[in-house]
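[1] take a look and give me a structure for this.
(one chain, ligands or ions: 1)
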Amino acid sequence: MMVEASNAQAPLHDEDYDRAFNRQNLNSDGMIFTRHRPVQSLNGTWTFTTDRCDTGLRQHWYKDCHLPIEGRIAPWDYDVWNGETAEVPSCWNVGRPENFHYEGSAWYGRHFPYVAERPSERVFLRIGAANYDTKIFLNGRFLGNHYGGSTPFFVELTEQLQAENWLFLCVNNERNLVRVPMRHTDWFNYGGVFRDIELIRLPELFIKDFFLYLVPNGQFDHIGVSIELSDEVDGEIEFSMPELGIDRRLPVIRGQAAMTLAAAPELWSPDHPRLYAAKARFGDDTVSETVGFREIKTDGQTILLNGEPIRFRGICVHEDDHALGRVSHDDDLRRRFAHAKELGCNFMRLAHYPHHEHAAELADEIGLLLWEEIPVYWSIAFDNDATFADADNQLRELILRDRNRASVVAWGVGNENADTDARLAFMRRLTETARHIDPTRLVAAACLVNQTARTVEDRLAAHLDLVGINEYYGWYDPDFADLEAIGEHYDLDRPLVITETGADAPAGRRSNQGALFSEDQMLACYEAQFKTIAGIDAVKGFCPWILYDFRTERRKNSFQHGYNRKGLIDKDKETKKLAFTALQRFYREDW
Ligand code: GCB
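    Predicted structure coming up:
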């Protein structure tokens, strides 16, 4: 039976309700350079409710759920006065026990007053990250939505702002076949607004993008600066870096300025994380940045940092906290990097999605090289154009956010994806995107190994600068001779990085017999890895899995209890396992 549009029950029968709210118009085109800019935080207590049936989208809650209850003449299904709240940033799974496994939509709402600080100011909302589809509503109007659970996004509020405002976010973290990642992962699918949310006030014309880099010509004698304005105007930008004696005017043509300038900065490296202050001014807008200059390149199977061969002594890490989920505070990030330094690492893989932007900012300061990646993980709908657009957008947002970070040396475009034609085309295009937006870094992925032929066999490798492999000899695969053979057979003209290896053990579980899931077995596994890896010349990076135990739904046995226990440190982020000290010795003394 057809339901008439005028029928008051129409929304109950409308299964196409999401279409109007799924424009995905909030994407990398809207990114704005915000580092060191003053912001007005909207963190704190928001009204909150889960909404399993998407009733809010069907009934348009954002229009009236904040109106006073007194005097209503029709019944309603949600109002913000019911007392439920959530803190932002947070993950709803660790807020209330009943939401632990919740997957679906949830509504956040808050009120804020607005008074313009200067004539013709423009106001943008920035959300650091929310997982996965975020729809934004201000004063009863839908402003747009964003796909992707780990990168920042912006929406302009200027036209809709009033003296008093109600802002609603509908965040949906459902796993499905076309998202990135897809529905099957080995980490926990936290939901919610788990990074900062803020208002940014800008002049009518502002600096939208500010990219600084060492020109990768092997000479270390020029820096590049590229600036984009919010509009396609002509003019001049004042650009200065006092410590390098630079004070220049850069011509702007149709909103773009790009120049290379002679300069001989002290080069940034993990041992010497030298940073410089930079400033750019256009009209009423000034931005500042703190940036290091270094060159990362490969030459055959060698990785060169500032022209010198380097080995990556690494460790992987997830963004996961027993109490906070994916919320990362700076003290947690500092502890993470302190543990990596204690191990003797110069490198970390931030798996398997973009981590908090402060991670790379801190790594710049303390001197650690980073591999950052997007969650093109395992199975992905590689033949779906919309899925490609989503992955490509996540990559762009990550790169635009972090491409001034000297610490970031590699963009990871995928992890263990089956080598089909559709996947090759999809991922080749991602490598092109990465190189197009950022020609100063390496493009990488964790590739596939043919276990029978014992070779790295992945057509994607030809399109990468670094070939990663995840190998679990001693754990999923018993025979270390296979790893030796992979090393012997490896003849690609690119450095090989072991992007994962490890074994599970709950902290403190010992076994004289080296039983599975004991620290003794894990230790033996690491020791055997060291011996084998040390004999493979092509291996220029070693990055075991993983620094801390992390939450994951799929690990249910008597030792796992919902956690992947391959951490060198327990989920308490304190208790070290035996393998921690072993890896520390390997890095400090043998590799
Ligand atoms: C892998 C995956 C990683 C898993 C790990 C494991 O190869 O890339 O996400 O957590 O193995 O522990 O099995």
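
[2] so residue 482, which state does it fall into?
    Under DSSP: H, G, I helix; E, B strand; the rest coil, residue 482 falls in the helix class.

[3] number of nearby residues for the residue nearest to residue 181 when sequence neighbours are not counted?
    Distances taken as Cβ to Cβ, 6 or more residues apart in numbering place residue 375 nearest to residue 181, at 4.0 Å, with adjacent residues excluded. All C-beta atoms are positioned from the backbone trio N, CA, C, and that covers glycine. Using other Cβ atoms under 10 Å, residue 375 is surrounded by 24 other residues.

[4] phi first, then psi, for residue 375.
    phi -80, psi 50 (degrees, to the nearest 10).

[5] how about it, what does it touch?
    By Cβ atoms under 8 Å, 6 or more residues apart in numbering, residue 375 lies in contact with 149-150, 180-181, 185, 352-353, 394, 415.

[6] from the stretch 451-591 of the chain, which residue is nearest to the ligand?
    Proximity of the stretch 451-591 of the chain to the ligand (Cβ to the nearest ligand atom) peaks at residue 470, 4.1 Å away.

[7] now the residue of the chain at minimum distance from the ligand: closest residue in space that isn't a chain neighbour?
    Distance from the ligand to each residue of the chain (Cβ to the nearest ligand atom) is smallest for residue 186, at 3.7 Å. Nearest non-adjacent residue to residue 186, counting by Cβ to Cβ, 6+ apart: residue 552, 5.2 Å away.

[8] what is the burial count for that neighbour?
    Around residue 552 sit 19 other residues, with neighbours defined as other Cβ under 10 Å.

[9] what's the answer for residue 37, then?
    Based on other Cβ under 10 Å, the number of other residues close to residue 37 is 18.

[10] likewise for residue 219?
    Other residues within reach of residue 219, judged by other Cβ under 10 Å, total 11.

[11] name the SS class of it, please.
    coil.

[12] pLDDT score for it?
    What the model reports as pLDDT for residue 219 is 97.

[13] likewise residue 11?
    80.

[14] ok, it - contacts?
    Contacts of residue 11 by Cβ under 8 Å, 6+ apart are 17, 58-59.

[15] out of these, which are inside helices?
    58-59 (DSSP state H).

[16] can you redo the contacts of residue 11 as CSV, where the extra columns are distance to residue 209 and pLDDT?
    Converted to CSV, the contacts of residue 11 look like this (distance: Cβ to Cβ, whole Å; pLDDT from 0 to 100):
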residue, distance to residue 209, pLDDT
17, 36, 96
58, 38, 96
59, 39, 95
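
[17] okay if I get the contacts of residue 11 as TSV plus neighbour count and distance to the ligand?
    Formatted as TSV, the contacts of residue 11 follow (neighbours: other Cβ atoms under 10 Å; distance: Cβ to the nearest ligand atom, whole Å):
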residue	neighbour count	distance to the ligand
17	17	34
58	18	36
59	18	39
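
[18] just give me the closest of the contacts of residue 11 to residue 85.
    residue 59 (21.1 Å; Cβ to Cβ).

[19] where does this structure have low pLDDT?
    The chain contains residues with pLDDT under 70 at 1-6.

[20] which residue is nearest the centroid of it?
    Compute the mean C-alpha point of the chain, and by Cα atoms, centre = their mean the closest residue is residue 354, 0.7 Å away.

[21] would you list the phi and psi of that one?
    Residue 354 has phi and psi values of phi -60, psi 130 when expressed as degrees, to the nearest 10.

[22] check contacts around it.
    By Cβ under 8 Å, 6+ apart, the contact list for residue 354 reads 129, 150-151, 372-374, 394, 397-398, 401-402.

[23] now those as JSON lines including secondary structure and distance to the ligand?
    Formatted as JSON lines, those follow (DSSP: H, G, I helix; E, B strand; the rest coil; distance: Cβ to the nearest ligand atom, whole Å):
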{"residue": "129", "secondary structure": "coil", "distance to the ligand": "19"}
{"residue": "150", "secondary structure": "coil", "distance to the ligand": "15"}
{"residue": "151", "secondary structure": "coil", "distance to the ligand": "19"}
{"residue": "372", "secondary structure": "strand", "distance to the ligand": "15"}
{"residue": "373", "secondary structure": "strand", "distance to the ligand": "11"}
{"residue": "374", "secondary structure": "coil", "distance to the ligand": "14"}
{"residue": "394", "secondary structure": "helix", "distance to the ligand": "17"}
{"residue": "397", "secondary structure": "helix", "distance to the ligand": "22"}
{"residue": "398", "secondary structure": "helix", "distance to the ligand": "18"}
{"residue": "401", "secondary structure": "helix", "distance to the ligand": "23"}
{"residue": "402", "secondary structure": "helix", "distance to the ligand": "21"}
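
[24] now for those residues: which two are most distant?
    Every pair of the contacts of residue 354 checked by Cβ to Cβ; the farthest is 129 and 373, at 14.7 Å.

[25] show me what from the stretch 251-400 of the chain comes close to the ligand.
    Within reach of the ligand by Cβ under 6 Å from any ligand atom, the stretch 251-400 of the chain has these residues: residue 352.
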